[in-house]
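Peer 1: Need a 3D model of the following:
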Amino acid sequence: MSVDKSAAATFRLLWETKKSARSSLSVDRIVEAAIALADAEGLGAVSMQRVAGELGYTAMALYRHVPGKDQLVALMVDRAQGNPPADSGKEWRTEILNWADAAWDFCLAHPWTLRVATTGAPTGPNELAWFEALLRPLARSGLAAENLVATAMFISSAVRDLARIATEIVPTGSDYGNLLAEVVQPDRFPTLASLATSGTLEDDGDVRPALDFGLNLILDGLGARTS
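Peer 2: Numbering: from 1, shown residues only. The predicted structure follows:
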């Protein structure tokens, strides 16, 4: 099976360990400048020309180190992730919750990463380290090997998507529940109508409780399945 040349080039860049002098243009300097720009102004502000300008070079100079923006963004995401939380030696459930806490903090610290499309399995050194850090406690739970990757994908996707919502949501307070109470009819939306009239649909913009509840529900089920 043939390998996409662009993907192969990105893979090589992600695993490049050669270091250049800090005083000269290098992949490291380019990626660090691009991350700083994305943190300050969002992913839309990042272009080869803009990053080059931040470093005092022309865009053509950047292309000698990074083939294009797609490769640059892949490098940015992997670099920004850094190292996952170290294994504390605690029981598997605690390790997974610690992983989720760290992943959540990363997403909120670098919200532009949530706008980067997921186009395949993790390939970068830091991405794989985070994946390993989640797979390891899942394996200790007693979950069958053939279900490890699927479960890790589900957990990481839940963290990422709820973090994305947390960075986008505009709280409406009690207005949401009040508006719904005016329009939802019990015969068509019985559950929503009940929740709206009970006052439990207030929108405070905090989605983290949903993540915590969902994760613990999943881990309860995992514990019951593997006990």
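Peer 1: Next SSE downstream of the least confident helix or strand in the chain by mean pLDDT?
Peer 2: With mean pLDDT, DSSP states H and E as the measure, the helix or strand of the chain carrying the lowest mean pLDDT is helix 5-14 (a mean of 78). In the C-terminal direction, the helix or strand that comes right after helix 5-14 (DSSP states H and E) is helix 27-41.
Peer 1: for that following helix, packing partners?
Peer 2: On a contact count with 3 or more Cβ pairs under 8 Å, 6 or more residues apart in numbering; DSSP states H and E, helix 27-41 meets helix 48-55, helix 69-81. Placement of C-beta: from N, CA and C, glycine included.
Peer 1: Just name the most buried of those helices.
Peer 2: Comparing the helices and strands packed on helix 27-41 by mean neighbour count (mean count of other Cβ atoms under 10 Å), helix 69-81 ranks first with a mean of 21.
Peer 1: what mean pLDDT does the longest helix seen in the chain have?
Peer 2: As far as residue count goes, and with DSSP state H defining each element, the longest helix of the chain is helix 148-168. Predicted confidence along helix 148-168 averages 95 (mean pLDDT).
Peer 1: can you list contacts of that helix?
Peer 2: Outside of helix 148-168, the residues within contact range by Cβ atoms under 8 Å, 6 or more residues apart in numbering are 96, 100, 103-104, 107-108, 111, 114, 130-131, 134-135, 138-139, 143, 205-208, 210-211, 214-215, 218, 222.
Peer 1: again with stretch 53-71
Peer 2: 6, 9-10, 13, 25-27, 29-30, 33, 36-37, 46-49, 51-52, 72, 75.
Peer 1: One more: stretch 189-201?
Peer 2: Looking at stretch 189-201 with Cβ under 8 Å, 6+ apart, the contacting residues turn out to be 174, 176-178, 180-181, 184-186.
Peer 1: just the CA coordinates of that stretch, formatted as CSV?
Peer 2: Taking only C-alpha atoms (Å, rounded to 0.1, in the frame of the first residue of the first chain), the coordinates of stretch 189-201 have been written out as CSV:
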residue,chain,number,x,y,z
PHE,A,189,-41.3,16.5,24.3
PRO,A,190,-42.3,14.9,27.6
THR,A,191,-38.9,14.7,29.1
LEU,A,192,-37.7,18.2,28.0
ALA,A,193,-41.0,19.7,29.2
SER,A,194,-40.6,18.1,32.6
LEU,A,195,-37.0,19.3,32.9
ALA,A,196,-37.9,22.8,31.7
THR,A,197,-40.6,23.3,34.2
SER,A,198,-38.5,21.8,37.0
GLY,A,199,-35.8,24.4,36.5
THR,A,200,-33.0,21.9,35.7
LEU,A,201,-32.2,23.3,32.3
